[in-house]
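# Any chance you can model this:
(one chain, ligands or ions: 1)
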Amino acid sequence: MSTIVVASEGAGYGFLVDNQGRLHQAGFGPDIDAHMERLPDRIPLALYPLAYPAYDEEPTRAPALRVTHGDGTTTTRLKVQDVRVADPQTDILLVDPDCPLEVTLSFHADDHGVLRQWVSVTNRQPGAVTLHEIAAASPLLATPAPYLTHFGGGDWSAEWTTTTEALTPGTKVVESRGGVQPHLRSCPFFLLAPDGAPEESDGTVVAGALAWGGNTRFAFERTTTPGVRLWCGHNPAASEYVLDPGATFVTPEQIWMWSTEGMGPLSRRFHRWVRAHAVRDGDALRPVVVNNWEATFFSFDTDRLFGLIDHTADLGAELFLLDDGWFGESHPRDDDTTGLGDWQVDQAKLPGGLGPVIARAAERGVRFGLWVEPEMVNPDSTLYAEHPDWVVGQPARHRRRWRNQFVLDVLQPDVADFVSGVVDRVLAENPGISYLKWDANRPLTDPGSPALGPDRQANYWVDQARATWRLMETVAERHPEQMLMLCASGGGRVDLGSLRWFHEVWLSDNTDPLDRLRMQWAASHFLPANVVGAHVTREGDRPVAFGCAVAMSARFGFDLDFEALTDEELAVCRRAVALYRDVRPLVQQGDLWRLVPPGERSALEYVAPDGQGAVVFGFQLTAPTGDAAPLRPGGLDAERTYEVTAVDLAADVDPTATGGERRQGAALMEEGLQWPLREPCTARIWVLRSV
Ligand code: DGJ
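Predicted structure coming up:
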């Protein structure tokens, strides 16, 4: 019997290897060393399940791994053959002694308490094997009262819908399907609390995330042991993977982080890890963006764009993003039925091309960004007329249109070259661009490709996601100077794997600030504010000052037809930009404190890591039903004196003015800020500056 511990900042797994070489899980949680030391000398192995059960090893439990071997054997037996420790990584090599298959469980301890884990399977048999199910992780959480929080279950425009529920006997499955934009329906993140519903500043909770841009599956099997057996990985639905002799299949990474002090400290550490490791240039400040999409949709010309660019500069915003509709020379992109795939500027709409528009932006000191959707094609396009065989499909089937478009089959090498070449050409032909929004507006249907043999068409779901990642990587490497936003019909691609090539995501096409506030709140459990694009629009017809405050609590921007605003509303926007640029380091690089969850009201705060300053956002969402308790900021330096300025963006005063009331950090945290809001859809922003 031997013991293996893999952990980051003390939290992780404890394993036991028995005399037959089987790997058991003896613990999963914080303080794992102490837990392992407390194990009895004579260990009743029956209490400790297999750490990574293959099919038929624990016949009554769902397996982590199910394989059909080359000779037709459907069961698998795994024995530990080697344990390689090369800090911060541990690899546990399991082999099937009868049907040669190597299964390596890899664990990597990152800083900030993140433990990453993945599984590699190498086929050592003379024939191909089929991987039916292969989890990235399948731990057992020993607990009598598990609560799960998951995000999604909605659809387009309802991303990040939060559900917290007690797990009851049976299996709860949270999964996404459809590929390309899987996270529209289910975000690849969850929280699991072993002792009741998770709390903000107390109690144990583990965060899980699958770094995968394709279909995902999380399953939580509540057993009477008592405990929860998890299954985390890419979704095996219709995805049996044929693995050739000598080939290795590597699962996506499952990411873990534990907290014994509730969700607040967990999120703060998670954000630091995301900024340091998961997202591109995570510590860099993001610009204030003006996007034309909800202002113009497809209907614009050069003059209209000049007007928007002038407003961008007048507001003090820093980047103008031209969205869908600028291309399609012979199939003009005047709506979503034509032009996708033809990435030449529509000269009828923009005579002289993008040059004059980019020049106008440069003259006004504004950076220029452009929208692309390189993976897609409209049947009504020159590209499709020339290459009808470049789209995803199955030979016997009529291909299904979705938003009037097809998905390009990136497993075909020519198509992959075309897709990455789209970005090269667009950037070469239109110098002066420094930001790209990469969109993808339909799910995958008719999954199949001539690049795969008839016996391995089900590999498509995984291979397509991997091929798309290779394209994203190519684009990011060839164009390191470009800032990239990842969007897929809204928040369809919001995962910690894809983000390594992107600076930010578009969270949802739902931009009603009341809904956005809830979505941003949900996403804030994992994503730092500088990764979450949030724009003021007219959706929901809320007051502009309220919309600004909501968007300012993330990566701020606008999708507004400024010509339709009153002078007073424009002044509100101008004040919002001035204040945002002032507090941006706090919002984008500070520590988040979620103070009041969305209900009648809501509030959150960003604090400088050195306690030098903070910004508090307070939102009144509905009519108050009683007196509101004072709002107590967190994370301040108790000894410091802060100058407190309460900003109402709707009021005609300089939002960056200093000279507010002076208060001690301790008093602010104990006595709080008086809640001044009584009207629905109003906001207050308090700036706390250390003096
Ligand atoms: C979906 C995106 O989420 C929108 O912001 C916009 O870019 C449209 N696509 C354009 O077609």
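# Please name the nearest non-neighbouring residue to the residue of the chain found nearest the ligand.
Here the residue of the chain nearest the ligand is residue 324; by Cβ to the nearest ligand atom that distance is 3.6 Å. Every C-beta, even on glycine, is put in place using the N, C-alpha and C of the backbone. Leaving aside its sequence neighbours, residue 324 sits nearest to residue 371 (Cβ to Cβ, 6 or more residues apart in numbering; 5.3 Å).
# And residue 589, by the same measure?
Nearest one to residue 589, counting by Cβ to Cβ, 6+ apart, is residue 283 at 6.5 Å.
# Using PDB, write out every CA atom in stretch 491-501.
C-alpha atoms of stretch 491-501 as PDB (Å, rounded to 0.1, in the frame of the first residue of the first chain):
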ATOM      1  CA  GLY A 491     -21.500  33.900 -24.800                       C
ATOM      2  CA  GLY A 492     -21.300  30.700 -26.900                       C
ATOM      3  CA  ARG A 493     -17.600  30.300 -26.300                       C
ATOM      4  CA  VAL A 494     -16.600  31.200 -22.800                       C
ATOM      5  CA  ASP A 495     -14.100  28.600 -21.600                       C
ATOM      6  CA  LEU A 496     -10.700  28.800 -20.000                       C
ATOM      7  CA  GLY A 497      -9.100  26.900 -22.900                       C
ATOM      8  CA  SER A 498     -10.100  29.100 -25.800                       C
ATOM      9  CA  LEU A 499      -9.300  32.200 -23.700                       C
ATOM     10  CA  ARG A 500      -5.500  31.600 -24.000                       C
ATOM     11  CA  TRP A 501      -5.700  33.200 -27.400                       C
END
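# Distance from the chain centre to that stretch, please.
With Cα atoms, centre = their mean, to the nearest Å as the basis, stretch 491-501 stands 5 Å off its chain's centre.
# What residues of that stretch count as buried?
Within stretch 491-501, the residues scored as buried using 16 or more other Cβ atoms under 10 Å are 491-501.
# Checking it against the ligand, do any of its residues make contact.
No - counting by Cβ under 6 Å from any ligand atom, the ligand has no neighbours in stretch 491-501; the shortest distance is 8.2 Å.
# Number the residues from 87 up from this point.
Taking 87 as the first residue, the last one we looked at is stretch 577-587.
# Contacts for that stretch, please.
Contact with stretch 577-587 is made by 245-246, 266-270, 273-274, 295-299, 302, 338-339, 341, 360, 364-366, 526, 555, 558-559, 561-562, 570, 572-573, 591-594, 605, 609, 612-613, 617, as judged by Cβ atoms under 8 Å, 6 or more residues apart in numbering.
# Tell me which helix or strand residue 700 sits in.
Under the criterion of DSSP states H and E, residue 700 resides in strand 699-706.
# same for that strand, what does it pack against?
Identification of packing neighbours for strand 699-706 by 3 or more Cβ pairs under 8 Å, 6 or more residues apart in numbering; DSSP states H and E yields helix 630-638, helix 653-675, strand 687-693, strand 768-776.
# related to what we said a few turns ago, just the ones in strands from the contacts of stretch 577-587, please.
273-274, 295-297, 302, 339, 341, 570, 572, 591-592 (DSSP state E).
# Filter those down to the buried ones.
Among the ones in strands among the contacts of stretch 577-587, those classed as buried by 16+ other Cβ under 10 Å are 273-274, 295-297, 302, 339, 341, 570, 572, 591-592.
# Redo those as JSON lines? Include distance to residue 775 and pLDDT.
Formatted as JSON lines, these follow (distance: Cβ to Cβ, whole Å; pLDDT from 0 to 100):
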{"residue": "273", "distance to residue 775": "35", "pLDDT": "97"}
{"residue": "274", "distance to residue 775": "38", "pLDDT": "98"}
{"residue": "295", "distance to residue 775": "35", "pLDDT": "98"}
{"residue": "296", "distance to residue 775": "40", "pLDDT": "98"}
{"residue": "297", "distance to residue 775": "38", "pLDDT": "98"}
{"residue": "302", "distance to residue 775": "43", "pLDDT": "98"}
{"residue": "339", "distance to residue 775": "40", "pLDDT": "98"}
{"residue": "341", "distance to residue 775": "36", "pLDDT": "98"}
{"residue": "570", "distance to residue 775": "34", "pLDDT": "98"}
{"residue": "572", "distance to residue 775": "34", "pLDDT": "98"}
{"residue": "591", "distance to residue 775": "31", "pLDDT": "98"}
{"residue": "592", "distance to residue 775": "32", "pLDDT": "98"}
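# thought residue 366 was touching residue 571?
No - counting by Cβ atoms under 8 Å, residue 366 sits too far from residue 571 to count as a contact (10.8 Å).
# Identify the contacts common to those two.
588-589.
# who has more neighbours, the two?
residue 571 (23 against 17; other Cβ atoms under 10 Å).
# For that one, which non-adjacent residue is spatially closest?
Nearest to residue 571 is residue 523, by Cβ to Cβ, 6+ apart, at 4.4 Å.
# what packs against the one helix or strand the one you found maps to?
Here residue 523, judged by DSSP H and E, is contained in strand 519-524. Applying 3+ Cβ pairs under 8 Å, 6+ apart, one finds that strand 519-524 makes contact with strand 405-408, strand 453-458, helix 499-515, helix 546-564, strand 569-572.
# then the longest one to CSV, C-alphas only?
Read that as helix 546-564. Taking Å, rounded to 0.1, in the frame of the first residue of the first chain, the C-alpha atoms of helix 546-564 are listed here in CSV:
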residue,chain,number,x,y,z
TYR,A,546,-15.7,14.9,-35.6
TRP,A,547,-16.9,16.6,-32.5
VAL,A,548,-13.6,16.4,-30.8
ASP,A,549,-11.4,16.9,-33.9
GLN,A,550,-13.4,19.9,-35.0
ALA,A,551,-13.0,21.6,-31.7
ARG,A,552,-9.3,20.9,-31.7
ALA,A,553,-8.8,22.1,-35.3
THR,A,554,-10.6,25.3,-34.4
TRP,A,555,-8.2,25.8,-31.5
ARG,A,556,-5.3,25.3,-33.8
LEU,A,557,-6.7,28.1,-36.0
MET,A,558,-7.2,30.4,-33.1
GLU,A,559,-3.6,29.7,-32.0
THR,A,560,-2.3,30.4,-35.6
VAL,A,561,-4.1,33.7,-35.7
ALA,A,562,-3.0,34.7,-32.3
GLU,A,563,0.6,33.8,-33.1
ARG,A,564,0.7,35.4,-36.5
